[in-house]
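Visitor: what's the 3D shape of this:
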Amino acid sequence: MARDMIAMAYWAGWANAAIPDYDFWLLPCFGILKYNNSGYWTDYSASGDFPYPSNTGPYVTWNSWQNAHGNCSFYARTLLSYGGDANPDFRTFVAENRELDNLAGELIANVDKYYFCGLELDVEDWWTRTRQVNEDFGRNLIALIGTVGPRLQQKGKPIAITVGDTSAGTNTNDAYSGTMTPFYQSTAMAYVAQINIMCYGITHDDDMAALDTLLAEYVAAGVPAEKLCVGIKPEKDGNGGKPDLATVTRICAHLKDGGFGGAFLWGIGLDSMPASPSASDYVKAMLEGLGLPS
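Guide: Numbers count the residues shown, from 1 in each chain. Alright, predicted model coming up:
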């Protein structure tokens with residue numbers, strides 16, 4: 001039996017933005033991972049204007065947001081996000097193999113303590129690194145997920161990994177191209193529910209042939225098709241946003257027909273997100289294309 005498709009959306013900067021009232025994976029970004037002589041800790045205050053999570057009972061993270069902002073979805077499933085452009089040190093910590101057991105413990109503890117539904121690692125900032133550092137990162141990520149994955153899998157909590165669109169490529173002029181391939185071919189992938197590809201340029205152009213070519217590279221690199229998730233980035237412009245809702249639905253339907261994993265939206269709460277169509281409209285369009293309840 002084929003598994004359900006997955007729709008995701010990032011909630012950028014823990015912003016005071018309305019959350020679509022649908023069943024989807026919501027990725028609050030980011031928990032900022034920091035390191036000192038005592039080990040790792042998570043700085044939530046550096047992420048934006050969101051108050052520190054409460055840990056007094058199930059769903060308290062949502063209750064905290066609702067009490068603070070008066071808007072909340074009781075259907076969205078939250079995965080705690082680390083990394084991103086906001087936290088480039090995450091890549092440094094992993095690439096340097098810096099106390100990875102301690103780092104793994106911090107990730108697991110935060111997911112457990114604050115009742116998040118899973119974990120997302122947005123492994124950006126490859127563009128400032130040498131090829132050797134990027135290769136080190138991919139190799140050490142195997143060890144990190146090998147520690148975190150079994151603990152979260154036992155609790156039914158998924159892990160998603162977000163990557164740049166050349167991470168499975170063969171462009172020798174790109175210091176990042178193909179450096180995640182050892183990870184994709186490793187046993188650590190058994191604990192990864194989704195590989196999210198930041199291929200916003202392709203989805204803006206609605207070029208299905210180019211998208212198929214890109215996805216084929218990831219399948220060839222070892223990622224199961226059903227674990228590939230495609231990025232969509234609405235932006236303000238004179239037409240109210242791009243890609244438009246019909247394009248979003250068409251892209252998602254194409255992914256569903258191809259046996260791929262789903263799609264994700266970047267990002268709710270951003271200034272660049274158009275007021276109309278709204279984040280809720282975009283999530284609904286994704287769900288419709290993926291054949292999920294909307």
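
Visitor: and the helices in the stretch 151-294 of the chain?
Guide: 181-184, 200-205, 208-220, 245-257, 279-290 (DSSP state H, counting those that start in this stretch).

Visitor: what residue ranges in the chain score low on pLDDT?
Guide: For the chain, the stretches flagged by pLDDT under 70 are 1-3, 13-17, 46-74, 237-241.

Visitor: returning to what we had before: dump the helices of the stretch 151-294 of the chain to CSV, plus distance to residue 270 and mean neighbour count.
Guide: C-beta: built from backbone N, CA, C; applies to glycine. CSV is the format used below for the helices of the stretch 151-294 of the chain (distance: least, CB to CB, whole Å; neighbours: other CB atoms under 10 Å):
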stretch, distance to residue 270, mean neighbour count
helix 181-184, 28, 22
helix 200-205, 13, 17
helix 208-220, 23, 16
helix 245-257, 16, 19
helix 279-290, 9, 23
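
Visitor: export the ones you listed as CSV, with columns for distance to residue 156.
Guide: Below are the helices of the stretch 151-294 of the chain laid out as CSV (distance: least, CB to CB, whole Å):
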stretch, distance to residue 156
helix 181-184, 23
helix 200-205, 30
helix 208-220, 25
helix 245-257, 24
helix 279-290, 21
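
Visitor: among the ones you listed, which is nearest residue 26?
Guide: helix 279-290 (9.2 Å; CB to CB).

Visitor: list the contacts of the closest one.
Guide: 5-7, 9, 17-22, 24, 232, 234, 245-246, 248-256, 262-263, 265, 268, 273, 277, 293-294 (CB atoms under 8 Å, 6 or more residues apart in numbering).

Visitor: how about residue 127, phi and psi?
Guide: Residue 127 adopts backbone torsions of phi -70, psi -20, taken as degrees, to the nearest 10.

Visitor: for residue 93, see how far away it is.
Guide: 18 Å (CB to CB, to the nearest Å).

Visitor: who has more neighbours out of the two?
Guide: residue 93 (21 against 12; other CB atoms under 10 Å).

Visitor: and that one, which helix or strand is it part of?
Guide: helix 89-95 (DSSP states H and E).

Visitor: tell me how far the closest residue in space to residue 139 that isn't next to it in sequence lies from residue 277.
Guide: Spatial nearest neighbour of residue 139, excluding adjacent residues (CB to CB, 6 or more residues apart in numbering): residue 182 at 6.0 Å. Between residue 182 and residue 277 the distance is 40 Å, computed by CB to CB.
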